[in-house]
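Student: Structure of the sequence below:
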Amino acid sequence: MPTHLLGQPCRNFQVLGTGTFDDPRDQRQKVVLSNFAAGGTGNLVIVDPETGAGEDIRLPGDSGAWAVLNWRGDKLLIGTCGEFGYLHCLDLASRQWAEPLRDPEEQYIWNLSEGTDGLIYGGTYPGCVLLQYDPERHRLTNVGRMSDAPENLYSRMVYGGIPGHVLVSCGTADPHLALWSMATGEARRFGPPGASVREVGDGFICLQSGDDLQFYDSRTFEPLAADLRDRLSGGSAPTRYQGSGHQVQLDDGAWLVTRGQEYYVDRGGDALPKLRPIPAERPATHILTLIADDGGALWGAAGFGQTIFRYDPEADESWNSQVVTDKGGEVYGMAWTRDRLFLATYSGGDHVVYDPQIEWSQLDNANPRTLETVSPALIRPSGKSAVGPDGHVWTGWMAAYGTYGGGLSRVDVDTLEMTSWYDPVPEQAVMGTAADDRYVYFITGGNANGLSTRQVEPHFAAWSCDGRIAWQRAFDLGAELRSVAVASGRAIVAADQRLELFDPAALAFGPAVDLPSPCLYLAPLPDGRAAAFTADHLWLVDPGSATLADGGPMPGRVGSLAATPDGRLYLAIGPDLHQLEL
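Tutor: Presented below is the predicted three-dimensional model:
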């Protein structure tokens with residue numbers, strides 16, 4: 001089936017890291033914002049806080065970077081994510097990149113810190129290792145795994161400034177700190193279980209467990225009897241806007257603070273500092289979810305960055321929003337009903353409602369409006385959203401970091417009240433939702449935030465709107481349920497290379513349809529069939545006859561499909577929006 005590329009309407013910033021440097025080109029202090037471009041290649045935006053001018057520098061590789069370190073005013077060191085975990089080095093005078101370095105097993109470098117040996121250290125995902133970078137020789141070395149707990153995937157933060165040692169925070173299955181010795185190359189546990197690092201100061205290490213602070217001598221690592229709270233730095237920008245993000249203190253004492261697609265410079269005083277757009281072009285980013293409204297416009301969510309977009313196919317015009325809610329992350333769930341857009345977001349577990357007919361006013365939580373959250377128990381709307389048979393919006397969730405589990409939520413579209421159910425299938429995340437005029441359907445899996453995916457007997461369930469499972473089936477151990485959709489009176493479950501067809505009237509599965517490769521995404525079509533997308537192919541499924549037709553190759557992996565009321569079909573493939581001709 002032919003597809004036509006319409007463009008890349010989804011555009012935003014997702015700033016993950018910041019830093020400052022005195023620019024050797026003009027001797028002015030600059031702030032660097034490290035931007036993650038989901039589905040693309042990240043960039044650095046260098047901001048002059050005095051003039052507001054910006055400079056846009058593309059990374060040599062990977063989607064973005066958490067780790068930003070100014071090395072002695074000469075170079076910027078960048079540790080990337082989320083595919084390759086590169087160590088990039090930018091010469092500040094020439095603005096030239098050195099050859100990228102990486103450990104082939106790691107995907108993330110979280111932060112970078114200089115050790116007392118003059119070398120640079122960084123923590124990783126998924127190996128929970130410590131990387132060592134020699135800036136003089138431009139050499140990267142993996143010095144070993146930092147946790148003795150095999151389930152831990154994260155060496156999330158590293159702390160230098162400790163004589164002969166590096167302190168590493170490990171998690172999330174068994175959170176603990178590890179102290180790595182430069183002399184022996186060995187790591188050992190340090191501090192109380194689950195403690196976090198508050199600060200590494202001059203001669204001391206301060207750990208925090210809940211509200212309690214513990215101080216240790218940074219040479220002997222023995223507990224200190226003295227309370228050194230008065231020596232903690234504690235400097236941070238005042239809260240001027242809810243949802244403010246990264247903050248950098250400038251040489252003159254002012255603060256540069258990011259807030260989604262904007263930033264501000266706070267020089268004190270009573271007046272609220274002005275929000276300014278980040279001074280670069282918003283890059284094209286991955287489209288995570290795509291739906292259509294009653295008028296035929298398309299709405300989509302960015303793969304990272306907590307923004308949405310609207311695309312008008314008739315005018316070929318797009319609009320990209322500011323952040324939809326104060327908590328960082330991205331919108332997974334989108335549903336259009338009652339002339340409003342209902343959203344469900346990671347990482348705050350937020351529900352949001354937006355009325356496009358009313359002026360945008362997110363700063364005062366008026367429009368879009370953040371409703372009740374399902375956090376802390378549930379945080380990621382991995383199952384996305386569907387309008388249920390009761391007319392309300394249902395969303396499937398994954399549990400908090402370090403926990404296997406999931407749940408469902410319902411937002412009443414009349415009262416905007418939220419109800420939630422935790423672990424309808426114990427210790428399994430909800431990985432997909434769909435609905436017809438009888439039930440809300442969901443599928444589950446062994447996925448989790450911050451933990452390895454575990455093999456389970458995944459479930460398909462028909463959920464009654466009175467808050468119970470009306471019918472369910474457990475699939476074989478190790479099976480993977482990737483998607484669920486409703487078409488022609490059947491619920492369709494993508495289970496590995498088979499499409500299982502469920503009859504809600506009979507509460508039974510009928511004949512299955514085999515595919516040549518696993519189905520990654522299912523979507524209903526206006527003609528009553530369903531589109532089953534494999535990695536690079538479209539298959540057309542007739543649920544009534546349990547037959548399959550070849551829809552042809554696709555230009556990439558389809559992540560979402562939207563059908564307008566007049567029957568036009570649109571596909572999201574990475575950052576690209578396509579129209580599909582059937």
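Student: Excluding chain neighbours, what is closest to residue 294?
Tutor: residue 565 (6.2 Å; CB to CB, 6 or more residues apart in numbering). C-beta: built from backbone N, CA, C; applies to glycine.
Student: Pull the contacting residues for that neighbour.
Tutor: Applying CB atoms under 8 Å, 6 or more residues apart in numbering to residue 565 gives the contacts 292, 294-296.
Student: what's near enough to touch residue 403?
Tutor: Counting by CB under 8 Å, 6+ apart, residue 403 has contacts 448-449, 451.
Student: oh sorry, the question was meant for residue 388
Tutor: 394, 410, 435, 440, 465 are the contacts of residue 388 under CB under 8 Å, 6+ apart.
Student: Residue 571: which of those residues is nearest?
Tutor: Within the contacts of residue 388, the smallest distance to residue 571 is 21.8 Å, found for residue 435 (CB to CB).
Student: Please work out how many residues are found near the closest one.
Tutor: 24 (other CB atoms under 10 Å).
Student: Okay, and the beta partners of the residue nearest to it when sequence neighbours are not counted?
Tutor: Counting by CB to CB, 6+ apart, residue 435 lies nearest to residue 386, which is 4.3 Å off, once chain neighbours are set aside. Beta-bridge pairing for residue 386 (DSSP bridges): residue 394.
Student: ok, residue 386 - how many residues close by?
Tutor: Burial of residue 386 is recorded as 23 neighbouring residues (other CB under 10 Å).
Student: Please name the residues that touch it.
Tutor: Per CB under 8 Å, 6+ apart, neighbours of residue 386: 335, 393-394, 433-435, 440.
Student: Could you rerun that using 7 Å?
Tutor: Neighbouring residues of residue 386 by CB atoms under 7 Å, 6 or more residues apart in numbering: 335, 394, 433-435, 440.
Student: circling back to that earlier point, next, give me the two most distant ones among the contacts of residue 388.
Tutor: 410 and 435 (11.1 Å).
Student: can you list residues touching both of those two?
Tutor: residue 394.
Student: Tell me the helix or strand right after the one helix or strand residue 70 maps to.
Tutor: Using DSSP states H and E, residue 70 falls within strand 64-71. Downstream of strand 64-71, the first helix or strand assigned by DSSP H and E is strand 75-81.
Student: pLDDT wise, what is the closest residue to residue 103 other than its chain neighbours at?
Tutor: Nearest residue to residue 103, sequence neighbours excluded (CB to CB, 6+ apart): residue 142, at 5.0 Å. pLDDT for residue 142: 98.
Student: Who are the packing partners of the helix or strand harbouring residue 207?
Tutor: Under the criterion DSSP H and E, the helix or strand holding residue 207 is strand 204-209. In terms of contacts (3 or more CB pairs under 7 Å, 6 or more residues apart in numbering; DSSP states H and E), strand 204-209 is packed against strand 196-201, strand 212-217.
Student: neighbours around residue 483, how many?
Tutor: 21.
Student: Ok, residue 144 next?
Tutor: Around residue 144 there are 15 residues (other CB under 10 Å).
Student: can you give me the strands in the stretch 251-400 of the chain?
Tutor: Ranges of strands in the stretch 251-400 of the chain, per DSSP state E, counting those that start in this stretch, are 255-259, 262-266, 276-277, 287-292, 298-302, 308-312, 317-320, 330-337, 340-346, 350-354, 369-370, 378-387, 393-399.
Student: Give me the residues contacting the fourth one.
Tutor: Under the contact criterion CB under 7 Å, 6+ apart, strand 287-292 has outside partners 10, 298-303, 330-332, 334, 336, 384, 559-564, 570, 572, 575, 577.
Student: Now it: average pLDDT?
Tutor: On average, strand 287-292 scores 98.
Student: coming back round to it: in JSON lines, list the helices and strands packed on strand 204-209 along with mean neighbour count.
Tutor: Putting the helices and strands packed on strand 204-209 into JSON lines (neighbours: other CB atoms under 10 Å) gives the following:
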{"stretch": "strand 196-201", "mean neighbour count": "17"}
{"stretch": "strand 212-217", "mean neighbour count": "16"}
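Student: Now distance to residue 27 and mean pLDDT too, for those, in CSV please.
Tutor: CSV is the format used below for the helices and strands packed on strand 204-209 (distance: least, CB to CB, whole Å; pLDDT from 0 to 100):
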stretch, distance to residue 27, mean pLDDT
strand 196-201, 31, 96
strand 212-217, 40, 96
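Student: of all the ones you listed, which lies closest to residue 361?
Tutor: strand 196-201 (36.2 Å).
Student: Which strands and helices lie in contact with that closest one?
Tutor: Packed next to strand 196-201, using 3+ CB pairs under 7 Å, 6+ apart, are strand 154-162, strand 165-171, strand 204-209.
Student: so which of the ones you listed gets nearest residue 307?
Tutor: Across the helices and strands packed on strand 196-201, residue 307 has its closest neighbour in strand 154-162 (25.7 Å, CB to CB).
Student: for the closest one, packing partners?
Tutor: strand 108-114, strand 120-125, strand 129-134, strand 165-171, strand 196-201.
Student: what would those look like in TSV with distance to residue 243?
Tutor: TSV is the format used below for these (distance: least, CB to CB, whole Å):
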stretch	distance to residue 243
strand 108-114	22
strand 120-125	26
strand 129-134	32
strand 165-171	25
strand 196-201	23
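Student: how about the ones you listed, which one is nearest residue 19?
Tutor: Comparing those by CB to CB, strand 108-114 comes nearest, at 9.9 Å.
Student: strand partners of the closest one, parallel vs antiparallel please.
Tutor: Assessed with DSSP bridges, strand 108-114 is paired to strand 120-125 (antiparallel).
Student: Report the angle between the partner strand and strand 129-134.
Tutor: 150 degrees (axes from the mean of the first three to the mean of the last three CA atoms, to 10 degrees).
Student: can you pull the buried residues of strand 120-125?
Tutor: When burial is assessed from 16 or more other CB atoms under 10 Å, strand 120-125 yields the following buried residues: 120-125.
Student: Contacts for it, please.
Tutor: 67, 69, 77, 79, 85, 106-115, 130-133, 135, 153-158, 160, 166, 168.
Student: Skipping its backbone neighbours, what lies nearest residue 39 in space?
Tutor: residue 286 is the one closest to residue 39 (CB to CB, 6+ apart), at 2.9 Å.
Student: how near is that neighbour to residue 572?
Tutor: From residue 286 across to residue 572, the span is 8 Å (CB to CB, to the nearest Å).
Student: returning to that earlier point: hmm, which of the contacts of residue 565 are the buried ones?
Tutor: residue 292.
Student: quick one: which of the contacts of residue 565 is nearest residue 212?
Tutor: residue 292 (52.5 Å).
Student: Who is that closest one paired with across the strands?
Tutor: residue 298.
Student: need the contact list for residue 115.
Tutor: 121, 160, 166, 182.
Student: at 10 Å what do you get?
Tutor: 121, 132, 158-166, 180, 182 (CB atoms under 10 Å, 6 or more residues apart in numbering).
Student: what does residue 268 give?
Tutor: 238, 253-255.
Student: and with 6 Å instead?
Tutor: For residue 268, no contacting residues are found, by CB atoms under 6 Å, 6 or more residues apart in numbering.
Student: follow-up on the earlier one: average pLDDT for the strand holding residue 70?
Tutor: pLDDT averaged over strand 64-71 gives 98.
Student: Determine the set of other helices and strands touching it.
Tutor: When contacts are defined as 3 or more CB pairs under 6 Å, 6 or more residues apart in numbering; DSSP states H and E, strand 64-71 sits against strand 15-22, strand 29-35, strand 75-81, strand 108-114.
Student: between the ones you listed, which gets nearest to residue 274?
Tutor: Nearest of these to residue 274, taken as CB to CB: strand 29-35 at 16.2 Å.
Student: Provide the strand pairings for whichever helix or strand comes after that closest one, with the direction of each partner.
Tutor: Once strand 29-35 ends, the next helix or strand along the chain (criterion: DSSP H and E) is strand 43-47. Here strand 43-47 is paired, per DSSP bridges, with strand 29-35 (antiparallel), strand 54-58 (antiparallel).
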